[in-house]
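Colleague: below: sequence and its predicted model.
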Amino acid sequence: MNKAKPIPDGFHTLTPHIVVKDGIKAIDFYKKAFGAEELGRHLGPDGKSVMHALLKIGDSMLMLNDECPEMGARGPLAVGGTSVTLSLYVQDADKAFDRAVKAGAKVTMPLADQFWGDRYGLVTDPYGHMWAIATHKQDLTPAELQKAAQTAMASMSKGKKS
């Protein structure tokens with residue numbers, strides 16, 4: 001018998017595993033929105049629910065399954081939001097952001113150049129998961145980052161005056 005690798009080929013140390021309502025449609029959405037490649041799908045006894053699916057986006061794996069409330073698995077729509085953001089670094093944030101929006105994602109934070117050196121924006125997919133899409137454009141020293149953050153925060157404070 002071959003000895004199994006502790007971390008399977010293609011995986012990194014951390015792999016997100018998300019819960020969605022209507023896993024089959026979600027898989028199709030992730031293919032359209034993020035160029036996901038489906039590596040595996042296991043349906044439940046009903047032949048409709050996704051017990052487990054494995055997708056690859058870029059060089060990273062994403063696991064997903066349909067909601068299963070009796071097992072405590074509920075998606076963001078069922079619980080009223082998410083406390084997690086899935087972050088994608090891509091070669092062209094504008095192209096990737098546009099692709100996600102055209103596929104049905106809603107803009108949560110418009111794509112823009114950010115003080116920390118990324119072109120960055122947020123979308124929410126139809127299943128309630130939030131995705132950050134970014135391209136790193138500028139390396140900053142800790143001092144440059146601190147100054148840029150202070151400038152950005154001061155600018156935000158001025159904009160919030162009533």
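Modeller: Looks like it came in fine. The structure presented is a predicted model; accordingly, all values stated were derived computationally and were not measured.
Colleague: ok, and the closest non-adjacent residue to Q91?
Modeller: With Cβ to Cβ, 6 or more residues apart in numbering as the measure, T135 is the residue that lies nearest to Q91, at 6.6 Å, once sequence neighbours are left out. Glycine gets a C-beta too; all of them are placed from N, C-alpha and C.
Colleague: contacts for the least confident helix or strand in the chain by mean pLDDT?
Modeller: Each helix and strand of the chain was given a mean pLDDT (mean pLDDT, DSSP states H and E); the minimum falls on helix 142-159 at a mean of 91. Outside helix 142-159, the residues that touch it by Cβ atoms under 8 Å, 6 or more residues apart in numbering are 114-117, 140.
Colleague: can we see that at 10 Å?
Modeller: Among residues not part of helix 142-159, those counted as contacts by Cβ atoms under 10 Å, 6 or more residues apart in numbering are 114-117, 138-141.
Colleague: also stretch 20-28?
Modeller: Stretch 20-28 has contacts (Cβ under 10 Å, 6+ apart) with 18-19, 29-30, 36, 38, 41, 43-44, 48-53, 55, 62, 64-67, 73-78, 103-104, 125-129.
Colleague: write a PyMOL command that selects only the buried members of these.
Modeller: The following PyMOL line selects those of the contacts of stretch 20-28 that are buried, judged by 16 or more other Cβ atoms under 10 Å:
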select buried, resi 18+19+29+30+36+49+50+53+55+62+64+65+66+67+75+76+77+103+125+126+127+128+129
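Colleague: so of the contacts of stretch 20-28, which ones are in strands?
Modeller: If you go by DSSP state E, the contacts of stretch 20-28 have 18-19, 38, 41, 43, 50-53, 55, 62, 64-66 in strands.
Colleague: format the residues you listed as CSV; extra columns: distance to Q146 and pLDDT.
Modeller: Putting the ones in strands among the contacts of stretch 20-28 into CSV (distance: Cβ to Cβ, whole Å; pLDDT from 0 to 100) gives the following:
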residue, distance to Q146, pLDDT
I18, 34, 98
V19, 38, 98
E38, 43, 98
R41, 46, 98
L43, 51, 97
V50, 45, 98
M51, 47, 97
H52, 44, 98
A53, 42, 98
L55, 38, 98
L62, 34, 98
L64, 38, 98
N65, 42, 98
D66, 45, 98
